[in-house]
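J.: This is a predicted model, with the sequence first.
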Amino acid sequence: MSVTKPLTVYDELDELKGTLRSAEIAEVIGRRPETISRIRRGRPVSRRTERALDALYVIVTSLLERFGGDAAATRFDLFRRRAELGGRSAADLIRSGEIDRVLELAIAVEAELLVSEELDALLRRMEYRGSPQAEPSGTREVERFLGEHPELRPTVALVAEAARSLFGADAELVLDVLSDVDSGAEELYAGIRSSLPVGVATERLRQLYRERWDGALDAVADRLTVGLDFS
């Protein structure tokens, strides 16, 4: 399925058939399978059917991007019941005509994908931190950096509080100063160390980045990175 918005409902239907069977498309939009098979370019499509197909296209496109083009995972997620939807699925929303809820869900999926991409970038940086060559810069360098950027201290305290809340009372915040080899630009790395399993800790980090504390991290993103510490 392409990332470019199709021009017509016929284009959307053609692309949807690359992920869903015609019977599945019919089931989601509340139509008979033969109704879907009769849709041809040049033949009129009811406004209700057009809106339902458009909503289905939007959510399927978002899910495909989330799952890296995996059609099976997309189909599963389309029909799975969600706690945040009161036990209903995305397919249920489309079938009942709740188009605005579908759009909200698609936006939420895209936001989660963005967070995942940010987290993947953090994890790649954590590989550097965990390598034998990456020696911690030390308390003196951290204090020197915070002295040059005193505006970071309240945010660091906020991160420490959130870490204890999300990762447990035993969570620690390990601070280090990282320097870019090429540009020499520096930033503070706040690594959360806890006893949680890696998978659980990674999900908690996702949650921490989703909440963002009303933009507190955004304001200092060029000087502070929050990640996990496994040292």
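T.: Looks like it arrived, so ask away. Numbering: from 1, shown residues only.
J.: and Glu141, how far is that from Ser22?
T.: From Glu141 across to Ser22, the span is 62 Å (CB to CB, to the nearest Å). C-beta: built from backbone N, CA, C; applies to glycine.
J.: cool, and Leu93?
T.: Per CB to CB, Leu93 is found 20 Å from Ser22.
J.: Settle it for me: which of the two has more neighbours?
T.: For Leu93 and Ser22, the more surrounded residue by other CB atoms under 10 Å is Leu93, and the numbers stand at 22 against 16.
J.: Next up, the contacts around that one.
T.: Ala55, Leu85, Arg101, Val102, Leu105 (CB atoms under 8 Å, 6 or more residues apart in numbering).
J.: Can you report how many residues neighbour the second one?
T.: So the one you mean is Leu85. Neighbours of Leu85 (other CB under 10 Å): 15.
J.: same deal with the fourth one?
T.: Using other CB under 10 Å, Val102 has 23 other residues around it.
J.: part of a helix, is it?
T.: Yes - Val102 forms part of a helix when assessed by DSSP: H, G, I helix; E, B strand; the rest coil.
J.: Can you give me the separation between Thr139 and Ser194?
T.: For Thr139 relative to Ser194 (CB to CB), the value is 21 Å.
J.: Between these two, which has more neighbouring residues?
T.: It is Ser194, of Thr139 and Ser194, that has more neighbours when counted by other CB under 10 Å, with 20 against 10.
J.: Phi first, then psi, for Gly227.
T.: phi -150, psi -160 (degrees, to the nearest 10).
J.: cool, and Leu228?
T.: Per degrees, to the nearest 10, the backbone of Leu228 is at phi -110, psi 150.
J.: Please name the bridge partners of it.
T.: Ile192 (DSSP bridges).
J.: And the strands in this protein?
T.: Ranges of strands in the chain, per DSSP state E, are 172-179, 186-193, 224-228.
J.: Can I get the first one in PDB? Just the C-alpha atoms.
T.: This means strand 172-179. What follows is strand 172-179 as a C-alpha-only set of coordinates in PDB (Å, rounded to 0.1, in the frame of the first residue of the first chain):
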ATOM      1  CA  GLU A 172      18.100   5.400  39.800                       C
ATOM      2  CA  LEU A 173      19.000   8.100  37.300                       C
ATOM      3  CA  VAL A 174      22.600   7.800  36.000                       C
ATOM      4  CA  LEU A 175      23.800  11.000  34.400                       C
ATOM      5  CA  ASP A 176      26.600  11.300  31.900                       C
ATOM      6  CA  VAL A 177      27.700  14.000  29.400                       C
ATOM      7  CA  LEU A 178      27.900  12.800  25.800                       C
ATOM      8  CA  SER A 179      29.900  14.600  23.100                       C
END
